[in-house]
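3D model of this:
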Amino acid sequence: MIKKTSIDRKAIYDLFQNIDATFTQALLSTSFPFMHGIPDQQQIDNILNRVDADQVSNKGIWTDTQDQYLKIIVLGTCLKTKTRPLDLSTLQWDQISRIFKFHNWKACRNRWLNEKHKKVNWTPQEDQVLMQLQSLHPNKWCEIAIELMKICQTPYVRLGKQCRDRWVNKLDPKILNIPWQKEEELRLFQQVKKRGKRWADISAQVFKFRRTENTIKNRFYNLLKQEENRQRLGRVPKDERDILLIDSVIETLTRDLNKCDKSTSQNELNIDNKNYEFLEFDSQELKEIVIIKQKKIQKLNNP
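Numbers count the residues shown, from 1 in each chain. As a prediction, this is how the structure comes out:
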C-alpha cells in the first residue's frame, strides 16, 4: 500500500532562520563538503516537491529523494543548534526523524553516518572509553556510539553495531581467547545438530558467552570445510551434505577423544611400570632381594 507523507514545510524553513555565518562556513567545509552552500527556499522547495511526488510502497526502502531530504534536515538542525552531525544527540536525531517521517531516528542516523563510515582500527583510548560506557549504559549501543565519538573526538564514525561487535568479540572479560579443545568442538557440533545454526543461543546457553558468536560460527565452518575437503561428497544437495558432514565430524571427534582417553590411561600405566625394574639373579647366590625404584636400589626383605 502506498502511503503519502505530509511534510511540515514551516518546520524545515525555520531551521534555516537566523543562522550564524561563521559557524555555517566551518560546518560546510568540514561536515558538508558535498554541498556548495546553504540552499535557498526555492532549492528547498524543489526537494520537498520531489519528496511529495515520491511514491514509495516499501516503508523500509531509501530513495535518492529521501537522501536529499535527509541532508537538508540534518544541515538545518546542525545550523540551528550549532552542532556537528557527529555530535547530535539521540534526542536531536529523534527530532530529525519526526520531521523526516519516513524512518525512525536510528535509521536516519545510520543512513547519514554511512557516508562517513570507514573501517578504522580501534585505538586503546576508544577501547577504554567503550568499556567504561558499557558499564554505565549496558548494551545501549547507539547511545554508547554517540558518547564514544564525543569523548574521543574521532574524525570518523562509530556505529552502534560496531561498538557492540567490538565489545562482544574482543573486550568482554568473559571471552575465552585460547585454542579450541576437542571437547568444545564436539559440544559445538552436537548443539548445532540439536538447535541449528543459532549462534547467539549456543554462545549464551552452551558456552556461557566464553566463546563469542563469531568465534563459534567461524570454528564450525572451518571444521565443516575441512571435513568436506576430506570427504569429497560431490553432487550432494547442500542440506543433505551438511547433515552428513556434521555427523561425520561428530563421529571423528568422538573417536579422537576416546583414543585420547585410552592413550592417557596407557601412559599412566607405563609411567607406573617404569618406576620399578625387576632383575633376575641366580637363586643359589641370592643374598638379598632388591628393586630399582626411581634409579635407586631399595631392599625388599631378607631371603
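
alpha carbons only for contacts and neighbour counts from here, please
Fine.

secondary structure class for residue 210?
Under the three-state scheme (DSSP: H, G, I helix; E, B strand; the rest coil), residue 210 adopts coil.

could you check how far it is from residue 143?
Summarising the geometry, the distance separating residue 210 from residue 143, computed by C-alpha to C-alpha, to the nearest Å, is 25 Å.

what of residue 151?
Counting by C-alpha to C-alpha - residue 151 and residue 143 are separated by 12 Å.

and if you look at residue 184?
35 Å.

ok, residue 37 next?
Using C-alpha to C-alpha, we find residue 37 at a distance of 31 Å from residue 143.

higher neighbour count, those two?
Between residue 37 and residue 143, counted using other C-alpha atoms under 10 Å, the more crowded position is residue 143 (15 against 12).

burial count for the closest residue to that one other than its chain neighbours?
In space, not counting the residues next to it along the chain, residue 143 is nearest to residue 90; the distance is 7.0 Å by C-alpha to C-alpha, 6 or more residues apart in numbering. Residue neighbour count, defined by other C-alpha under 10 Å, stands at 15 for residue 90.

give me phi/psi at residue 90?
phi -60, psi -40 (degrees, to the nearest 10).

distance of it from residue 110?
Relative to residue 110, residue 90 is positioned 12 Å away (C-alpha to C-alpha).

same question, residue 232
The separation that residue 232 has from residue 110, given C-alpha to C-alpha, amounts to 44 Å.

ditto for residue 15
Counting by C-alpha to C-alpha, the gap from residue 15 to residue 110 is 21 Å.

can you check residue 208 too?
Note on residue 208: its distance to residue 110, by C-alpha to C-alpha, is 31 Å.

okay, and for this structure, where does confidence drop off?
Scanning the chain for pLDDT under 70 picks out 1-5, 33-35, 55-60, 115-119, 155, 233-234, 261-303.

what's the domain layout of it?
Per the record, the chain has its domains at 9-114, 124-171, 182-271, by automatic domain parsing.

test my guess that residue 73 contacts residue 12.
Yes - counting by C-alpha atoms under 8 Å, residue 73 touches residue 12, with 6.7 Å between them.

can you show me the helices along the stretch 201-303 of the chain?
213-231, 238-274 (DSSP state H, counting those that start in this stretch).

adding mean neighbour count and distance to residue 63, write the ones you listed out as a markdown table.
Written out in a markdown table, the entries for the helices of the stretch 201-303 of the chain read as follows (neighbours: other C-alpha atoms under 10 Å; distance: least, C-alpha to C-alpha, whole Å):
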| stretch | mean neighbour count | distance to residue 63 |
| --- | --- | --- |
| helix 213-231 | 15 | 32 |
| helix 238-274 | 13 | 36 |
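
out of those helices, which comes closest to residue 27?
Taking C-alpha to C-alpha, helix 213-231 is the member of the helices of the stretch 201-303 of the chain nearest to residue 27, at 39.0 Å.

for that closest one, the distance to its chain's centre please.
18 Å (C-alpha atoms, centre = their mean, to the nearest Å).

cool, stretch 73-91 as well?
Between the mean C-alpha position of stretch 73-91 and that of its chain there is a distance of 29 Å (C-alpha atoms, centre = their mean).

ok, residue 232 and residue 110, which is more surrounded?
For residue 232 versus residue 110, the count of surrounding residues by other C-alpha under 10 Å is larger for residue 110: 18 against 9.

which residue sits closest to the more buried one, ignoring its sequence neighbours?
residue 159 (7.2 Å).

so that neighbour sits against residue 145, correct?
Yes - with contacts defined as C-alpha under 8 Å, residue 159 counts as touching residue 145 at a distance of 5.7 Å.

my read: residue 139 touches residue 164, true?
Yes - the pair residue 139 / residue 164 is scored as a contact, 7.4 Å apart, by C-alpha under 8 Å.

so for these two, which residue has more residues nearby?
The neighbour comparison of residue 139 against residue 164 (other C-alpha under 10 Å) goes to residue 164, with 20 against 15.

phi first, then psi, for residue 97.
phi -70, psi -30.

dump the residue contacts of it.
For residue 97, the contact set (C-alpha atoms under 8 Å, 6 or more residues apart in numbering) comprises 103, 104, 105, 108.

return the members of the residues you listed classed as buried.
Neighbour-count burial (16 or more other C-alpha atoms under 10 Å) is assigned, among those, to 103, 105, 108.

what about the last one, which helix or strand?
Assessed by DSSP states H and E, residue 108 sits inside helix 105-114.

and that helix, what does it pack against?
In terms of contact count using 3 or more C-alpha pairs under 8 Å, 6 or more residues apart in numbering; DSSP states H and E, helix 105-114 is assigned the packing partners helix 64-81, helix 90-100.
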